[in-house]
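> Just a sequence and a predicted model for now, questions to come.
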Amino acid sequence: MAAGVDEQPSQEVRADGKHEERDDAPAASGPAPAVMPTTTLEADDEGDTFEDDDSALGTLRGSSDSGSLTESVTDYRFEHGRRYHSPRAGDYHLPNDETEQDRLDFQHHIFRIALDGRAFFSPMPTEKIRNVLDIGCGTGVWCMEVASQLPDAKVEGIDISPIQPAMVPPNCYFYVDDCNADWVSEQRYDLIHTAALTLAVTDWAKLIERVYEALRPGGYIELHEYHGLVVCRNKPDPPEPYLVQLSKYISEAMHKMGRDFNAPPMLGDMLRAAGFVDVEVATQEWPVGTWPKGRKNKTIGAAQTKNMKEAARNSVGIFTRVLGWQLEEFQVFSARVAQEVDSGEMQAQTTVYFIHARKPEEGEAH
Ligand SMILES: C[S@@+](CC[C@H](N)C(=O)[O-])C[C@H]1O[C@@H](n2cnc3c(N)ncnc32)[C@H](O)[C@@H]1O
């Protein structure tokens, strides 16, 4: 079993969706409970139908303006009809164009559904949260949500792409910054968050060290991270499903770039090694497709079907630049992934890690 998983909170959310009936579900703001919802999946052998018309899911939507930033960071690179961040800003191979921004916003919705509307679980009184940082904030949607929930806090987001909107809550700020480089900011934070950052981070241990430095004593780090590898439960024998192959190719590309696409199971131990205490690790199994029991699982699975197809298409730079594939070769492969995912024949899933940990108070043993 992966390191840290044994620390999952004992309260399990059942895969049959029973937790959805709870009327004591936590609200989006207010004091955070210590327990993060965990899930495991059970196949729906009765084949309950699921209509993909849940309003909570929303649809892919148009993205907004970028903020005012210096020219060098908007000196975008264009390739194969896609737009990428300025090569000067860092080393990342997913596009930053509207298609990818829409996918990020859609993926953010999936996180919200999975976490019953909550943005974070770090158990600190909200009135004590004065400074918040989101690393690799993408379109800035998490920052804007938290800034609205905590109007007295200053919420900052950093990203190598200036793709955040100009119209934001007055306590919300965005900066272009490379999380893999040394941080120059003197600011100290009460809460530092990441989500879906495994393709971006070159050295998690180093990033965690920097976060530790940047937190005030008693502050929290909170990581919401995908384990990159897709598992297909009902197709264990060759030929390997295209979706599983896709995840392995991306993992291989990341390895070539010195990154670990499958780092999340190790993050709990890394946090402890860096000096963090009260390390809590919860996992959720997210289906691809509507094959498991439970309405919430089916909602996530339907959304993940769209997200995975889009993520596959948006990985063109990873395949052509890092793995050296021809464009046409990649296009055929990503069409196969889409076709396979749409067939609904696979019981595929990914695991998402939800981790939070506290920097000890001064003088506190750790
Ligand atoms: C998969 S997206 C996740 C975005 C956001 N956290 C979310 O959940 O929607 C990864 C983000 O990391 C950003 N990124 C990549 N490399 C980075 C780096 N070295 N420093 C800061 N941000 C980076 C990308 O521009 C992208 O917006």
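Right, received. Where do you want to start?

> Please work out the average pLDDT along the helix or strand hosting Gln331.
According to DSSP states H and E, Gln331 maps onto helix 327-343. When pLDDT is averaged over helix 327-343, the result is 97.

> Summarise which helices and strands that helix is packed against.
Judged by 3 or more Cβ pairs under 8 Å, 6 or more residues apart in numbering; DSSP states H and E, helix 327-343 is in contact with helix 242-256, helix 295-314, helix 316-317. Using the backbone N, CA and C atoms, a C-beta is placed for each residue, glycine as well.

> For it, output the C-alpha coordinates as CSV.
Provided in CSV are the C-alpha atoms of helix 327-343 (Å, rounded to 0.1, in the frame of the first residue of the first chain):
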residue,chain,number,x,y,z
LEU,A,327,1.7,15.0,-35.0
GLU,A,328,-0.4,12.6,-37.1
GLU,A,329,0.6,9.6,-35.0
PHE,A,330,-0.5,11.5,-31.9
GLN,A,331,-3.8,12.5,-33.5
VAL,A,332,-4.7,8.9,-34.3
PHE,A,333,-3.8,7.8,-30.8
SER,A,334,-5.8,10.5,-29.0
ALA,A,335,-8.8,9.7,-31.3
ARG,A,336,-8.5,6.1,-30.2
VAL,A,337,-8.5,7.2,-26.5
ALA,A,338,-11.6,9.3,-27.1
GLN,A,339,-13.4,6.4,-28.9
GLU,A,340,-12.5,3.9,-26.2
VAL,A,341,-13.6,6.3,-23.4
ASP,A,342,-16.9,7.0,-25.2
SER,A,343,-17.6,3.3,-25.7
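
> buried residues in that helix?
Phe330, Phe333, Ser334, Arg336, Val337, Ala338, Glu340, Val341 (16 or more other Cβ atoms under 10 Å).

> Can you give the contact residues for it?
Contact partners of helix 327-343, identified using Cβ atoms under 8 Å, 6 or more residues apart in numbering, comprise 80, 241-243, 245-246, 288-289, 305, 308-309, 312-313, 315-316, 319-320, 325, 346, 348.

> Report the beta-bridge partners for the nearest residue to Ser122 once chain neighbours are set aside.
Counting by Cβ to Cβ, 6 or more residues apart in numbering, Tyr220 is the residue found nearest to Ser122 once chain neighbours are left out, at 3.6 Å. Counting by DSSP bridges, Tyr220 is bridged to Leu191, Arg358.

> Retrieve the pLDDT associated with Tyr220.
98.

> likewise the one 5 residues further on?
The confidence metric pLDDT takes the value 98 at Glu225.

> Likewise for Ser72?
For Ser72, pLDDT reads 75.

> So Ile355 versus the ligand, what's the distance?
15 Å (Cβ to the nearest ligand atom, to the nearest Å).

> give me the low-pLDDT residue ranges for this protein?
Within the chain, the segments meeting pLDDT under 70 span 1-34, 49-71.

> I'd like to know how many residues surround the closest residue to the ligand within the chain.
When scored by Cβ to the nearest ligand atom, the chain has Gly138 as its residue closest to the ligand, at 2.7 Å. Gly138 has 25 neighbours, counted by other Cβ atoms under 10 Å.

> Report the contact partners of it.
By Cβ under 8 Å, 6+ apart, the contact set of Gly138 is Gln101, Leu104, His108, Asp159, Ile163, Ala196.

> Please settle this for me: is it part of a helix?
No - per DSSP: H, G, I helix; E, B strand; the rest coil, Gly138 lies outside any helix segment and is coil.

> dump the residue contacts of the residue positioned nearest the centre of the chain.
What sits nearest the mean C-alpha location of the chain, by Cα atoms, centre = their mean, is Ala196, with 2.5 Å. Taking Cβ under 8 Å, 6+ apart, we find Ala196 in contact with Leu104, Gln107, Gly136, Gly138, His224, Glu225, Tyr226.
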